[in-house]
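Asks: quick one: sequence plus predicted model below, questions after.
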Amino acid sequence: MSEPWMPKPLQSFQGAVMVARHAPVGMITLRGDLDAAEMAAAVKGAVGLAMPAQRRIRSGKRGAVAWMSPDELLLFMDHDRAPVAVDRLDKALAGGHHLAVDVSDARALFTLAGHGVREVIAKGSPADMAPDALPVGEFRRSRIGQVAAAWWLSDAQTLHLVCFRSVGDYMFDWLCVAAARDGLPGFLAV
Amino acid sequence: MSTRHPALGRLIDRSAPLEFTFNGARLRGFAGDTLASALLANGQMLLGRSYKYHRPRGPVAAGPEEPNALVGLGTGAGFEPNQRATTTELFAGLTASSQNHWPSLEFDIGAVNQALTAFFPAGFYYKTFMFPRAAWEKLFEPVIRRAAGLGRPPRQSDPDDYEHFHIHVDVLVVGGGVSGLTAALAAGSTGARVLLIEQTAHWGGRAPVDDAEIDGQPAEGWISAALKELAQMENVTLRTRMMGAGVYDHGYALAYERLTDHAPDMPGPRHRLWRIRAGRIINAAGAIERPLPFAGNDIPGVMLAGAVRDYLLNWGVSIGDRTVIVTNNDDAYRTAIALHDAGLIVPAIIDARTDADSPLIAAARERGIRVERGRAIARVDGGKRVRGVTLCLHAGEGAPLGHIPCDAVAMSGGWSPVVHLWSHCGGKLRWDAEQALFRPDPARPPLGADGSGFVISAGTANGHLDTASALDDAFDAGRRAALELGHKDKGKGGKAPTAAPEEHAPVQPVWMMPQGAGAHLQEKAFLDYQNDVKVSDVRLAAQEGYESVEHTKRYTTLGMASDQGKLSNINGLAVLADSLGREIPQVGTTTFRPPWQPISFGAIAGMNRGPLFQPLRKTPIHDWLAENGAHWEPVGGWRRPYCLRRAGESVEQAVTREILNTRRNVGLLDASTLGKIIVKGRDAARFMDMLYTNMMSTLKVGRCRYGLMCNENGFLFDDGVVVRLSDDTFLCHTTSGGADHVHAWMEEWLQTEWWDWQVFVANVTEQFGQIAVVGPNARKLLADMGTDLDLSAEALPFMGWAEGNIAGIPARIYRISFSGELSFEVAMPASRALEFWRAALEAGKSHGVQPYGTEALHVMRAEKGFIMVGDETDGTVIPQDLNLGWAVSRKKPDFLGKRGMERPHMQSDDRKQLVGLLTENPDDVLPTGAHAVEGGRRENGMENMIGHVTSSYFSPTLGHSIAMALIRGGNRRMGDTLTFPLEGGRVIRARVVEPVFYDKEGERQNV
C-alpha cells in the first residue's frame, strides 16, 4: 500500500476507504534552478531519482522527489537521513543560488487506500480529482477542508497526502469523516 | 373537498401505502406522493396562515414555486421549519405540523389582523414604528415578532451529516425535463463530460402532463428512451433530487443534492452541496406559471391551472369536484380537458381574451365545456375554501354578471421562463411582448474568464413555450456548449428530437382582473401570498413616489418571503409599471440572487462543524499542556495556554504564581508558535535591510537582533528577533499570528519587485519546537540537562546564539529575553520538542522550574515596557510612536516604510506616543482600551479624548498595577496625571511615567 520509503502508520481508520497517518518521514524543501545539471545531480545523489517533470512526482526505493513550483522541489526520504542529506545538498550546490531546508518535522504524511480515494479528497478540495486531471504520479498542491495540502496517487487506488504537522490531527479527523461508510458520491471513476 | 381520484396518478404506487401525521392526525398516502399531494388527497387543503394577516392558506402550486404550503417537519433534534410540502417526498412516518397560527390552524387569533387590513398598508412598519424609538424596541417589535414570522427555529443541534463535493465538468445541464435531456444528449454525443441534474425524483418535467408527443411517441416513452441512451454514455452522469442552486463567476455553480430526505433511515449524508466548476452551464429549468390577480385569489382552492393538472395526472388528486378555469392563455385549457376527461366537472372556462381560438380551445368546446370569452372573475367567494366565483367583464370594473358555484379555481396568467440561473451571474433579460414574458437575451449572457458567455439557456427556460421549438433550442444549446469547449461533433448526436408544432392563440397580458378593478377589488387581489402583498400595496407604493422596482420590493416586501417571489415578481412589477405609466421593460426585474430555492444550513456548513469547525494548530507540547491544566486562549490559529492551573487554583492565582516563580526561580514557556522564516541567498542581507527598519546587514554571524517590520506607510506590523546563521542566511522570528503573512509579504516583494535578487525564503515555523527557559536559574537548569555547550555569559553573551546538544537533542540556543530575566530560547526539531520539555522539567525540579503561559509572558514583558504587536500597535502606529526610533535606521538609503515615516504627519510631536501609567490607587487596574480625556467636551457632547490604554495588568512582581497607553504628545507629559472615565461614572486617575517599570538598567538578563 505505502511506498517503500514510507514509515509505518501511527494510526489508521477503515471507512469507505482506509486512512492512515504515518510516522514522520524525512522531507527537504529544495529551491534553486531546476534546469541546472548540478541540481539534477544533487537530487540524484539525495534520493537516487531523476528530476521530475512539471507537477509530477518520482518515487523510488530511497525516497521521492516532487515538483512544487518552477524553482522548488520537495524531497522525501527516511526521517533520520534528512539532516545529512541537507548538508550534502548544500555541498553539491555550493556556489549556486539554492536553498535546502529540513522540513521533516513540519509535515504530516497520510495514505488513503481504496477505490473511493479520489472522491474523499474531492469532498474538501477544489482541485479536479478526475483521473484525466490527476493521473497517477501527478503531484497536486491545493487545499483540503480548511488547510493547505499536497497529494498524489501512487496507483489507481492509493493516495498519499502531505500537510503541516500542526494541523495533522485536524487532517486525520477530516479524512475519517470524509471517508465515512456510505458517503461516497459515486461520481468520479477510479 | 380535494380527494384521491380513483384511477389517475402516474407517479404514485397505490400498492405502497404510507402512513404519516399532520398536526397529530394519522393520514395515509402512497409512495411517490409529495407531502402536498398526500395532504390534498386526504382533503387537507388548509395548510397554514399567511405572514401578515394570518389568512388561511392552501397550496397554490405543485412545485418549488409554492409560497403557501410551508410546514414544520420532524420532531426534536430533527425538526425543521418552513419546509415546502410540494417538494417534500412522502415517506412512512413523516411528521408534519402547520405554522404561523395561534392557537390552532382552524381558529387563529392573528386573523384579526385581516379585519384591520386598512391599517396595514404598504410600508406600514416603516411608517408606524420609526418613532418613538423606544416604543419600537420595547413594545412593537416584541409583539410583532410573536405574531408574525413563519416557522420557529429548531432548538437542538442538527443530528444529520452533510458534506461538500467538488467536481469539474465540461457541461452542467440544470433541469431534467425534455429540454435538459435533449441538451445532455447533444452535448454528451461529442464526448464532453456532462452532468445532468434534476431537482425532483423524476425525469421529463412537464412534458408527460402536457401530453407532448416527441419523435412520434408519447413523452413518457421518449423520456425513457432518452434516459437509456444517456445511461450508455460513460461521459454523462445523471442525478435526481439535485437542484441547481446558484451560478457564480467563471462557471462555478452550486448544486444541492438531497440524499435521504425521502428516506430518512438511509445511511450516509443527508444533503450534499456540489461545488461544480463547469465549462458551460445549460439552464434548462423550465418555466413557472403566473397567478392571475383577482379579488380572493388567495382563498384555499384557488390554484395554478398547471398545478391542478399536475395533482390530477401525477398524483391522482382532484382538487375539487367543480373547477372553474380562469385564464389569459391556451395552456389552462389543457387543465380543463384533463379534468373533464377524468370525469370531473369544469363549469366554465373564463377567458379574458375576447377572440381567442385555437385547436386546444376547440378541443375544450368539443367536450361541451362552457367557454366565457372576454370575461373575468370579479371575486372568489369563500373563506377557508372556495365556494364559487362571480363573473364580470374583463374590460370593465367588476360589475357582477353571474355566479358560478364551484369548489376550486384553476388560474393561469401565462408562463415565465425560469431565468434565475441565467441571471445569477449577470445574464440579461429581454421582454418578449408577444408572449408577455421576460426571457434570456442571448446577446448578453453572463461572461466567463475568457470573455464569452458561460451560461446557455435552453428550451422553455429560454422562452420557447411549445415543445417543438423548445427541443430544437435545447439541442442547439447542448451542441453549442460542447463545441465552444473544443469538443468535436462526432456525428453521433443525430438531430434534435421533433414534436408537432402547436398552434396557440396569443396570450393576453392580465395584471389585474378585471382590468378596471377599483380599490376594493385590488385590496383583495394578492400578488405575494406569503407576505400578503396585494395589487393595492404596489399601487400605493407607486403613488408615494417609489419608482424603482428594487425600492418597491423592499417597501412592500413583495417577493421578499422564503419563496423569493417566484409567483409574484412579474405580476408585481407589471402592476408597478402600469401604476407609473411605463412599459414593463423600463421598470425591469429585481435582481435574481442565489439560491434558486432555499438550501439547508447543514449543506452550507458541510463537514465544518464540531471538531472540524476550524482547524486547530497544535504545537508539539500541546497535548502535554492540555493534560497539565492549560487554560487555553486562541492565538493565530493555535491554542496557547493562558496559564497552567493547578488543582484548586484560580486563573489569576495561576498567573501570579507563574510570574513570581519565573522571576525568582525558572520558568518554561512553549514558544513553538513563533514564526520562523529562513532567508537565504547572495542578496539576503540587502533584502533584510529592505524588510526591517533597522540595519540587518551588519548583524554578525552568531548574533541576534530585535527588528521591526513596517508596511509601505511606515506602520509597524510585525516584530521579532533576527538571527544571522551564516553570511548568506538569516532566520527571522515573527509573531505567532504573523508568520504566514510575513512569509507571503516576503514572497510578494521577491516575486513582484525584486525578482532579480538572489534570495530564497522558506517558512520553517513548524519544523522546530521552541522552548524558552527563563529566570535566574535558567543556566543551571540547562547545564543539568547535560550539554556540550558553554552557556557562560562570556561564551554565550546576551543576543548571542550557539548550536550543540542539550539532553542529547540537537538544539540551537538563543540568548534572548522577552521577560527581562536571564533567558535562553532553545529550538529543536519538533519531533523531539516534547522530549526536551520533559527533560527540562526533570532537570529543573531542583531549581524550582514551573511552566508558564501567555498571560505571565504578557505581564512580564509589560513590566519591562516591551511592546506587543496587536496591543501597542493597531495599524496606525509607527515605531517612533513606541519609542522605538532607535530601531529605525537613519543610515540606510531605503527600507519598506521609510518614505511613509517621512510624511509631515508622521513626524509630528503631537502624535500619540507610548507612555507608562501608574494609577493613583496602586490596586486599581485600568481596563484595556480606557480613554484618557482632557480639554472639555466636543461639539457632539463627547469628552475630548487624547489616547487610550493599550496594555494593563496588575504586576505581582511590583505589587501594583501597571499600564501602557498611547497618549497624544505623551513624551511631553511625563509626570502629568491623566483622567480615565469608566463605565458607571467611575474615574481612574493615573500618572504618566516611563513605560519601563522593572529593572530599568536591564541587569537581570545579564546575570
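Replies: Thanks, I have it.

Asks: buried stuff in the one helix or strand residue B:980 maps to?
Replies: Using DSSP states H and E, residue B:980 maps to strand B:977-981. For strand B:977-981, burial by neighbour count (16 or more other Cβ atoms under 10 Å in any protein chain shown) applies to B:978, B:980. (Each C-beta comes from the backbone N, C-alpha and C, glycine too.)

Asks: residue closest to the middle of chain B?
Replies: residue B:604 (7.3 Å; Cα atoms, centre = their mean).

Asks: hang on, it is in a strand, isn't it?
Replies: No: counting by DSSP: H, G, I helix; E, B strand; the rest coil, residue B:604 is not found in a strand; it is helix.

Asks: ok, now which ones touch the nearest residue to it once chain neighbours are set aside?
Replies: With Cβ to Cβ, 6 or more residues apart in numbering or on different chains as the criterion, residue B:604 has its nearest non-adjacent residue at 6.7 Å, and that residue is residue B:273. Contact partners of residue B:273, counting by Cβ atoms under 8 Å, 6 or more residues apart in numbering or on different chains, are B:162-165, B:245, B:254-257, B:599, B:603-604, B:606.

Asks: what about residue B:273, which SS state?
Replies: Look at residue B:273: counting by three-state DSSP, its state is strand.

Asks: can you tell me how far it is from chain A?
Replies: Using Cβ to the nearest Cβ, to the nearest Å, we find residue B:273 at a distance of 10 Å from chain A.

Asks: bridge partners for that residue, pull those for me.
Replies: Per DSSP bridges, the residues bridged to residue B:273 are residue B:164, residue B:256.

Asks: returning to what we had before: what about the helix or strand following the strand holding residue B:980, distance to the chain center?
Replies: Later in the chain than strand B:977-981, the nearest helix or strand by DSSP H and E is strand B:987-993. Here the centre of strand B:987-993 is set off from its chain's centre by 46 Å, with Cα atoms, centre = their mean, to the nearest Å.

Asks: what lines up beside strand B:987-993 in the sheet?
Replies: Counting by DSSP bridges, strand B:987-993 is paired with strand B:912-919 (antiparallel), strand B:977-981 (antiparallel).

Asks: how about it as PDB, C-alpha atoms only?
Replies: The C-alpha atoms that make up strand B:987-993 are tabulated as PDB, following Å, rounded to 0.1, in the frame of the first residue of the first chain:
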ATOM      1  CA  VAL B 987     -13.000  57.700  37.200                       C
ATOM      2  CA  ILE B 988      -9.400  56.400  37.500                       C
ATOM      3  CA  ARG B 989      -6.500  58.900  37.600                       C
ATOM      4  CA  ALA B 990      -3.000  57.800  36.600                       C
ATOM      5  CA  ARG B 991       0.400  59.400  36.400                       C
ATOM      6  CA  VAL B 992       2.400  59.400  33.200                       C
ATOM      7  CA  VAL B 993       5.700  57.600  33.600                       C
END
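
Asks: that older thread, take the strands paired with strand B:987-993 and write them to CSV, including mean pLDDT.
Replies: As requested, the strands paired with strand B:987-993 are exported to CSV (pLDDT from 0 to 100):
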stretch, mean pLDDT
strand B:912-919, 98
strand B:977-981, 97
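
Asks: so which of those strands is nearest residue A:35?
Replies: Minimum separation from residue A:35 across the strands paired with strand B:987-993 (Cβ to Cβ) falls at strand B:912-919, 51.3 Å.

Asks: what residues does the lowest-mean-pLDDT helix or strand in chain A touch?
Replies: Here the helix or strand of chain A ranked lowest by mean pLDDT, DSSP states H and E is strand A:9-14, holding a mean of 95. Strand A:9-14 is contacted by residues A:2, A:18-23, A:111, A:172, A:175-176, A:179 when judged by Cβ under 8 Å, 6+ apart.

Asks: look up phi and psi at residue B:875.
Replies: phi 90, psi -10 (degrees, to the nearest 10).

Asks: who's in contact with the closest residue to residue B:996 other than its chain neighbours?
Replies: Distances taken as Cβ to Cβ, 6+ apart put residue B:865 closest to residue B:996, at 3.7 Å, once the chain neighbours are dropped. Residues near residue B:865 by Cβ under 8 Å, 6+ apart: B:916, B:964, B:994-997.

Asks: for the buried ones among those residues, write the corresponding PyMOL selection.
Replies: Buried members of the contacts of residue B:865 can be picked out in PyMOL with the line below, counting by 16+ other Cβ under 10 Å:
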select buried, chain B and resi 916+964+995+996+997
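
Asks: from the contacts of residue B:865, which is closest to chain A?
Replies: Set against chain A, the nearest of the contacts of residue B:865 by Cβ to the nearest Cβ is residue B:964 (31.1 Å).

Asks: quick one: average confidence on the helix or strand harbouring the closest one?
Replies: Assigned by DSSP H and E, residue B:964 belongs to strand B:960-968. Strand B:960-968 shows a mean pLDDT of 98.
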